[in-house]
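quick one: sequence plus predicted model below, questions after.
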Amino acid sequence: MSMWKRPRATVVGLAALAITATAFTGPAQAQRDPAPTAAAHQATQRAIDAAVAAGVPGITAEARDADGVWRSASGVGDLTTGAPRAKNDRFRVANLTDTFVATVLLQMVAERKLGLDDSVERHLPGLVTGNGNDGSRITVRQLLNHTSGLFDYLADTDFAETYLMGDGYLQHRYDTLTPEGRVRVALAHEPLFEPGARHGFSHTNDVLAALLVEKIGGRPYADEVRRRIIEPLGLTATSNPGTAVGLPQPSGRAYSKLFGAQPDRIDDVTEVNASQIWGNGDIISTTADLNRFYGALMRGKLFPAEQLAQLRTTVDNPGFPGSSYGLGIERLTLGCGTTLWYHDGGTVGWLTLAALTEDGRHQLAFSYNSNYGAETILSVLNAEFCPAPAS
């Protein structure tokens, strides 16, 4: 889920933005390539070091620009051992999964296997119904740009208390969930607005989009992602975990503040049954693979120009001024005037963001191994993409 603008009932709203970050003892440990481009990213290094000093356990980052590739890490990957966060760490990318799913669907559109204006009911008959929800009135496009009006299942109080927070999370983290079950949680609520009326992010849209991939492709969505994106781009560190609870190595631990009444308590939340975030947060990757994927996507390497134009057609995001939402990707103009395409995401224990300039020539991807500290993320973006003022 996006860490800036999702409802407070979501995991980021509760566990990140509502709880002040706590500083850890000991100085931040930084790793830096001895590359000639390092000097150009000193502001970014300072920003991630500052985020660690403010309480994020560890951050791994990679930037790519005309001067080459810069990789860095700051802080720790394991609070127990003090092992540093590594530059090649694998991590849960959270809602950046949405861009992978949208890419597969747009490839299927290019192959004329479905249309963006097809109804959800046409391809998933009988699934979206009840309490005023009507899949015959919601299109594939509205799922991808989050204008469907469907309730966000993560905002359901019982679901959040069971799977996102406190003792509920600790007791149920190994449960296997089905995507249809998570959709039913959302459909127990009336829609928030009429389909197409406005943008309103809902993780329910993302789960339905992944179900569409399976229905159209006739195989698991993970197989489609691997066949269409991971293998062609050589994303060797990117995977769909299925129901696995751990992370491939190398990777660090993940941390969360699960208990709102105990703001200083930090729990290790590395292990979770990945079925709980299937289709909208389960993909595991690295900063290098994410930059490779988003760079190829926005340079038109993954589908024809017609579909790229559809991807880049945005609707205003009323919850985040200056931002608008396309098909599985977002657009943001920073205060300095630089416009970025990006996607951010959060799940219990992780915050991730990938961004690139409109020409795709300057990229940044980074991961926090906590879902608190979101208030520092904009500073990292500004440091990388906004030129330093003249002295």
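Perfect, thanks for sending it.

where do the strands sit along the stretch 101-250 of the chain?
Using DSSP state E, counting those that start in this stretch, the strands of the stretch 101-250 of the chain run over residues 129-130, 133-134.

who does the last one pair up with?
The pairing partners recorded for strand 133-134 under DSSP bridges are strand 129-130 (antiparallel).

other residues contacting the partner strand?
Applying CB atoms under 8 Å, 6 or more residues apart in numbering, the contact partners of strand 129-130 are 135, 187-188. All C-beta atoms are positioned from the backbone trio N, CA, C, and that covers glycine.

rerun at 10 Å
121, 135-136, 184, 187-190 (CB atoms under 10 Å, 6 or more residues apart in numbering).

what about Asp316, neighbour count?
13 (other CB atoms under 10 Å).

Pro232 now?
By other CB under 10 Å, 12 other residues sit near Pro232.

likewise for Ala261?
Neighbours of Ala261 (other CB under 10 Å): 6.

I figured Leu235 hits Tyr294, correct?
No - judged on CB atoms under 10 Å, Leu235 makes no contact with Tyr294 at a distance of 11.2 Å.

dump the strands of the stretch 101-250 of the chain to JSON lines, plus mean pLDDT, distance to Ser367 and mean neighbour count.
What follows is these, written out as JSON lines (pLDDT from 0 to 100; distance: least, CB to CB, whole Å; neighbours: other CB atoms under 10 Å):
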{"stretch": "strand 129-130", "mean pLDDT": "98", "distance to Ser367": "38", "mean neighbour count": "12"}
{"stretch": "strand 133-134", "mean pLDDT": "98", "distance to Ser367": "34", "mean neighbour count": "20"}
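
ok, which of these comes nearest Leu247?
Each of these has some distance to Leu247 by CB to CB; the shortest is strand 133-134, at 35.2 Å.

how far does the closest one sit from the chain's center?
26 Å (CA atoms, centre = their mean, to the nearest Å).

can we start the residue count at 33 from this point?
Sure thing, new numbering starts at 33, so read that last one as strand 165-166.

and the contacts of that strand?
Contacts for strand 165-166 (CB under 10 Å, 6+ apart): 151-153, 159-160, 180-183, 215, 218-223, 227, 236.

please redo it, this time with the cut-off set to 7 Å
160, 182, 219, 223 (CB atoms under 7 Å, 6 or more residues apart in numbering).

which among those gets closest to Glu390?
Leu182 (30.3 Å).

right, and His375 touches Ala386 too?
Yes - assessed by CB atoms under 7 Å, His375 is found in contact with Ala386 at 6.0 Å.

need the residues touching each of those two.
Common contact partners of His375 and Ala386 (CB under 7 Å, 6+ apart): Leu128.

just the C-alphas of stretch 325-334, formatted as CSV.
Extracted C-alpha coordinates of stretch 325-334, given in CSV (Å, rounded to 0.1, in the frame of the first residue of the first chain):
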residue,chain,number,x,y,z
PHE,A,325,12.0,-3.7,-14.6
TYR,A,326,10.7,-0.1,-14.3
GLY,A,327,13.3,1.2,-16.7
ALA,A,328,12.3,-1.4,-19.3
LEU,A,329,8.6,-0.7,-18.7
MET,A,330,8.7,3.0,-19.1
ARG,A,331,11.0,2.9,-22.1
GLY,A,332,8.4,0.8,-23.9
LYS,A,333,10.3,-2.5,-23.9
LEU,A,334,7.4,-4.7,-22.5
